[in-house]
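[1] Whatever this is, show me its structure:
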Amino acid sequence: MKLCIGLAAVYNAVLVTAVVAAPSSVDSSAASASSSFVSPVPSSSALPSSSLSLSLTSPITSVSPSSVPSISLSSSSLSRSASITGSVSASRVSSVSASLSSVSGNATSAPVSPTFNTGAGTETGIIFPTITPESFTPFPVPSDTPIPNTFPETQPQNPPAVSDSGKVVPDFGQAWKRAYSKAKARIASWSLEQKVNSTTGIGWSNGLCVGNIPPIKDWPGLCLEDSPLGVRFADFATAFPTGVNTAATFNRTLFRIRGEFMGAEHKGKGVHIALGPMMNLGRIAQGGRNWEGFGADPYLAGEAAYETILGMQGSGVQACAKHYINNEQEHKRTQSSSNVDDRTQHELYAHPFLRSVQAGVASVMCSYNLINDTYACDNDKMLNDVLKREFGFQGYVMSDWSAQHTTESAMTGLDMTMPGDITFDSGTSYFGQNLTDYVRNGTIPESRVDDMATRILAAWYFLGQDKNYPKVSFNAFDAIDEVTNDHVDVQEDHFKVVRQIGAASSVLLKNTKRALPLQKPKSVVLIGNDAGPARNGPNGFSDRGGDDGVLAMGWGSGTAQFPYLISPLEAIQARARKDRSSVSWFLDNFNLNGAANAAIGQDVALVFVNADSGEGYITVDGNEGDRKNLTLWQNADALISAVAQQNNNTVVVAHSVGPAIVESWIDNPNVTAVVWAGLPGQEAGNSIADVLYGDFNPSGRLPYTIAKSPSDYSAQLVTGGGAQDILSIPYSEGLGIDYRHFDAAGIEPRFEFGFGLSYTTFKYSGLQVSAVHHSDKTSSKLEANWAVGKPSPIAVGSSAAIWLHRPAVQVKFTVTNTGKIAGGEIPQLYIQHPASAGEPPSVLKGFADVLLKPGQSKTVTINLSRYDLSIWDTVGQGWARPKGTIKFAVGQSSRLFKLKDHMCYKIACIRFLIVLNSLIDKLCTHLRQPTLNRVHSSSVWCSPSNSGTKAGGNGDAVCGRCAPGAEGDFDIRIPLAMAPTVLRPPLECSLSMLSEPPPASGDNRIEENWGDEET
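    Presented below is the predicted three-dimensional model:
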């Protein structure tokens, strides 16, 4: 196979005719995980008769992390002769979609369909890479030209300010070039074995970190460590709020600061690669690891990932975007195929990873699951074609822990295997000696190993880790070993931002009878196990795998040790002491009579409940990572009802990993307020006390939808499957996940995505939509082609191209605090595409956080790019603008809109065809004459047409257009006599967009219009 800059999306594959058990492995999880040997390839009986001859790997001696062996895991003997080929099925592809057009070079071939099941059930086989000699050409290093104030040259240590989000796209290209140059120079003197060493972890628990690359010559090697919310297994480090809570703030500044502080703590402990952020979407409400990510919307997740990575890498640690891709449930995650169509993949699940690449992310982790029948770490389409080619990713791809399945994955885009052994403690590796042998027998070119090592070292240089970087100062596998644990305190005052994010992420769902904020109540009772501390302390369960006391994070490898954990009981008692309030509590969820009696006569009864989930290697109360159902835990519904029966001022606080069904009590008039507090980290009690007492006016918004019934969600947890089965997970809902589905299906949620109340009120006004102009003309042809509906071209970095992402439209409006207290508002911008686009009714494309004093007003500006307005063209394999009118809705949630406007894409010229933008910078080069310029500066702006016809009098060409707030068309009349002969039919003339300043303020005419030509 000729693998030329990764454009080969379709390749020959070995078809396995029997399902194969995958290893039971976890995301660098506890050492107690299964370490049973799993054959690195299917047994010969599972292969076509003429396919392969092979031998199983043999045990080897573990390698000390301080030694410099010739190879890190060395005596596996699974080398395959270059002359041996597998049986081939031409109909099998490593592809995103059965409808996906494959790309080879610059040509587009006919679609080739994989034979996976379209419904739930089990798969008929796994698609493995070919085992034939292959050539390799590395992807080019970025060559884009920086553009001041738009695409500025950027170093990861000095990212753009948060205030520049939406206005500036950082150009890391020059920094990557310098890093690549240094990396190539360094590995030039390395032997093949040493280069392979840099790609191969030294094995589970053989180093100080959960993942370790050994030293090579004078290069110190690498420490890889969890987690997305803190330094896992380390002492004197902060337990930050979870990803889902961070997303609930809808606050980019908090996204960035949390990233900075987490990055600083990882670096302070000597970690080179922090294994986060996690950005899989909350497709399934029961998904066990949803809390690690940023919610159910790709735009919100993308912005949170982008800011988090800029913050982390700004502090000097390498970030790792995970889990790439479609790892949305825990059940049989190593033996399930997520079957996803091309458009859904691009518009939803790949988007946060694209934003990560734009943030300069150093590494990406491929996931456990299969994607359309090919394991993610073997998936040429997703790793080479989408990530490295289309997104222009310059860093390296590592496997999730034991998620690698073939040595050939080196050719399909995998750069590093973690933790290095095939299964934990097996002493075998798909890389190590196997990769060395593949190179020596000609199956894999050494140039690919050079590329792998270069990418890994380039990321190290990119983050400046070659200069005065701290040594590893903790032991992930022996925390009390005084020889290897220096007990370095990296916490500083990070608890302050933990407390702030915890408060800012609390979502006020209900507030009647002025129940909140609390006004020095005479008596307060706290009811529920979640109100107090755990009996065995905050770290009593390994990897937090249990539910006792206040819930502040889920369980699994995405956790950290709590340095301490403030419970609501502790925080509220401290506040009550100041207010001279009496406080009592009852922490037993199952003694309903006792709980109800404790609530009698109290001014306010605060009921604390929770719902937990986590990673699948731990089972809690029958929940194997994913939740069994969407009820709150530990008898919570009955507890709330019992208390509310005795107290007419019952306030419910829920610490939950995600949505839960609340129908049994939400409309009870005695339940006066509900706060959805999520998983807020070590300051949990202080954060919720700040909200309950009004020290912090709640501004959190739901990053997912809370339904009335579990069946209302479009995607459900797929269960079942035998020990040897590959489970089929059809993403048949397509673009319709979470609120998108509720809107499209007309289902009324209990609380919609983006919803959240405040202690004050806000007014929206003055919506304006205008074009954004750029002085440079570097991409005028691309922009003109996009304007007429042509998809972005197929090229390296095409989806991350600056012309596609720089501001094109500006939306402005005013928000006023009409209440009596200061508060933060989260205005949200949704795009409503024309019906012909096939999009959900509304999709989030912008948000802001605005802090206002009583009576204060602020103007909010949100920029949109062409990418924001585009849909994925599966035929053209690029981003294209849809035909028709795009509407803008600004409001307080995905359903509560306050302002609307729209943009017209209809331009029909009867006598000659001109693609016309609203600002008429030029009709074509031929129209850029002084006389004609006077036409488009004045008389081109016309009154609304009431005729309903597109034909103008006196030989004029009439172009229909829309006006803000109007449903009818405006006519634009351009005298045909003034158009040069060359422009008359049938010639089509493309128009460069967005160059002239918009009409004067108050001019009630459309401020943006890209053409959809009709002859």
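
[2] ok, now how distant is N817 from N511?
    Distance, N817 to N511, using C-beta to C-beta, to the nearest Å: 17 Å. (C-beta placed from N, C-alpha, C; glycine too.)

[3] So which of these two has more stuff around it?
    N817 (24 against 18; other C-beta atoms under 10 Å).

[4] which non-adjacent residue is nearest the more buried one?
    Nearest non-adjacent residue to N817, counting by C-beta to C-beta, 6 or more residues apart in numbering: L852, 3.7 Å away.

[5] Tell me how many other residues crowd the one you found.
    19.

[6] Check D478 too.
    For D478, using other C-beta under 10 Å, the count is 14.

[7] Next: N785.
    Neighbour tally, N785, other C-beta under 10 Å: 18.

[8] and E663, how many neighbours?
    Neighbours of E663 using other C-beta under 10 Å come to 12.

[9] contacting residues around the residue nearest to N817?
    Contact partners of L852, counting by C-beta atoms under 8 Å, 6 or more residues apart in numbering, are F762, V815, T816, N817, A822, G823, G824, E825, K858.

[10] Okay, the nearest residue to Q491 once chain neighbours are set aside and I501: tell me how far apart.
    Leaving aside its sequence neighbours, Q491 sits nearest to T238 (C-beta to C-beta, 6+ apart; 5.2 Å). T238 sits 11 Å away from I501 when distances are taken as C-beta to C-beta.

[11] Spit out the residues that contact the two alike.
    Common neighbours of T238 and I501 (C-beta under 8 Å, 6+ apart) are G681.

[12] follow-up on the earlier one: what's the neighbour count on the residue nearest to Q491?
    The number of residues packed around T238, counting by other C-beta under 10 Å, is 29.

[13] shouldn't it be in contact with A264?
    No: between T238 and A264 there is no contact under C-beta atoms under 8 Å: 9.8 Å.

[14] intersection of neighbour lists for the two?
    Jointly contacting T238 and A264 under the rule C-beta under 8 Å, 6+ apart are V490.

[15] in stretch 699-716, what's buried?
    The neighbour-count check on stretch 699-716 (16 or more other C-beta atoms under 10 Å) flags 699-707, 710, 712-715 as buried.

[16] Pipe these into JSON lines and attach secondary structure and pLDDT per row.
    What follows is the buried residues of stretch 699-716, written out as JSON lines (DSSP: H, G, I helix; E, B strand; the rest coil; pLDDT from 0 to 100):
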{"residue": "S699", "secondary structure": "coil", "pLDDT": "98"}
{"residue": "G700", "secondary structure": "coil", "pLDDT": "98"}
{"residue": "R701", "secondary structure": "coil", "pLDDT": "98"}
{"residue": "L702", "secondary structure": "coil", "pLDDT": "98"}
{"residue": "P703", "secondary structure": "coil", "pLDDT": "98"}
{"residue": "Y704", "secondary structure": "coil", "pLDDT": "98"}
{"residue": "T705", "secondary structure": "coil", "pLDDT": "98"}
{"residue": "I706", "secondary structure": "strand", "pLDDT": "98"}
{"residue": "A707", "secondary structure": "coil", "pLDDT": "98"}
{"residue": "P710", "secondary structure": "helix", "pLDDT": "98"}
{"residue": "D712", "secondary structure": "helix", "pLDDT": "98"}
{"residue": "Y713", "secondary structure": "coil", "pLDDT": "98"}
{"residue": "S714", "secondary structure": "coil", "pLDDT": "98"}
{"residue": "A715", "secondary structure": "coil", "pLDDT": "97"}
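
[17] which one of the residues you listed is nearest P659?
    Using C-beta to C-beta, I706 is the member of these that lies nearest P659, at 4.5 Å.

[18] show me what contacts the closest one?
    Here I706 is in contact with L509, P659, A660, I661, V662, W676, P749, R750, F751 (C-beta under 8 Å, 6+ apart).

[19] Tell me the one among these nearest to A248.
    W676 (8.3 Å).

[20] Pretty sure the closest one sits against L509.
    Yes: W676 is within contact range of L509, at 5.5 Å (criterion: C-beta under 8 Å).

[21] May I see the contacts of L852 organised as CSV, with pLDDT, secondary structure and distance to A689 added?
    Formatted as CSV, these follow (pLDDT from 0 to 100; DSSP: H, G, I helix; E, B strand; the rest coil; distance: C-beta to C-beta, whole Å):
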residue, pLDDT, secondary structure, distance to A689
F762, 98, strand, 25
V815, 98, strand, 28
T816, 98, strand, 29
N817, 98, strand, 24
A822, 98, coil, 19
G823, 98, strand, 18
G824, 98, strand, 18
E825, 98, strand, 23
K858, 98, strand, 29
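
[22] just the buried members of these?
    Listed as buried from the contacts of L852 are F762, V815, T816, N817, G823, G824, E825, K858; burial here means 16+ other C-beta under 10 Å.

[23] what two of those residues have the greatest distance between them?
    Between all members of these, the farthest pair (by C-beta to C-beta) comes out as T816 and G824, at 13.5 Å.

[24] in the sheet, who's paired with the nearest residue to S699 once chain neighbours are set aside?
    Excluding the flanking residues, the one nearest S699 by C-beta to C-beta, 6+ apart is G824, at 3.6 Å. Following DSSP bridges, G824 is listed with bridge partners L851.

[25] I'd like the distance between G824 and I284.
    31 Å.

[26] cool, and S447?
    Counting by C-beta to C-beta, the gap from S447 to I284 is 41 Å.

[27] Settle it for me: which of these two has more neighbours?
    Of the pair S447 and I284, I284 is the one with more neighbours under other C-beta under 10 Å, namely 24 against 13.

[28] doesn't T719 make contact with that one?
    No: judged on C-beta under 8 Å, I284 makes no contact with T719 at a distance of 11.1 Å.

[29] Return the member of the contacts of I706 nearest to N197.
    The closest of these, once distances to N197 are taken by C-beta to C-beta, is P659, at 45.9 Å.

[30] thinking again about what came up before, now tabulate the buried residues of stretch 699-716 in CSV and tack on distance to D493.
    Compiled in CSV, these are given as follows (distance: C-beta to C-beta, whole Å):
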residue, distance to D493
S699, 23
G700, 23
R701, 27
L702, 30
P703, 27
Y704, 31
T705, 36
I706, 34
A707, 40
P710, 42
D712, 43
Y713, 40
S714, 43
A715, 41
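
[31] out of those, who's nearest Y461?
    Closest approach to Y461 among those (C-beta to C-beta): P703, at 35.6 Å.

[32] so how far is I737 from that closest one?
    Distance from P703 to I737, by C-beta to C-beta: 13 Å.

[33] which residues are common contacts for those two?
    Contact criterion C-beta under 8 Å, 6+ apart; residues shared by P703 and I737: A296.

[34] nearest residue to E123 other than its sequence neighbours?
    E123's closest residue in space is I726 (C-beta to C-beta, 6+ apart), at 4.0 Å.

[35] Equivalent analysis for Y867, please.
    Closest to Y867 by C-beta to C-beta, 6+ apart is L804, at 4.6 Å.

[36] Surely the one you found forms part of a helix?
    Yes: under DSSP: H, G, I helix; E, B strand; the rest coil, L804 sits within a helix.

[37] check contacts around it.
    Contacts of L804 by C-beta under 8 Å, 6+ apart are L782, W786, S792, S865, R866, Y867, S870, W879.

[38] Swap in 6 Å and give it another go.
    Counting by C-beta atoms under 6 Å, 6 or more residues apart in numbering, L804 makes contact with S792, R866, Y867.

[39] Redo the residues you listed as a markdown table? Include secondary structure, neighbour count and distance to R627.
    Listed next are the contacts of L804 as a markdown table, based on DSSP: H, G, I helix; E, B strand; the rest coil; neighbours: other C-beta atoms under 10 Å; distance: C-beta to C-beta, whole Å:
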| residue | secondary structure | neighbour count | distance to R627 |
| --- | --- | --- | --- |
| S792 | coil | 24 | 40 |
| R866 | helix | 26 | 39 |
| Y867 | helix | 20 | 35 |
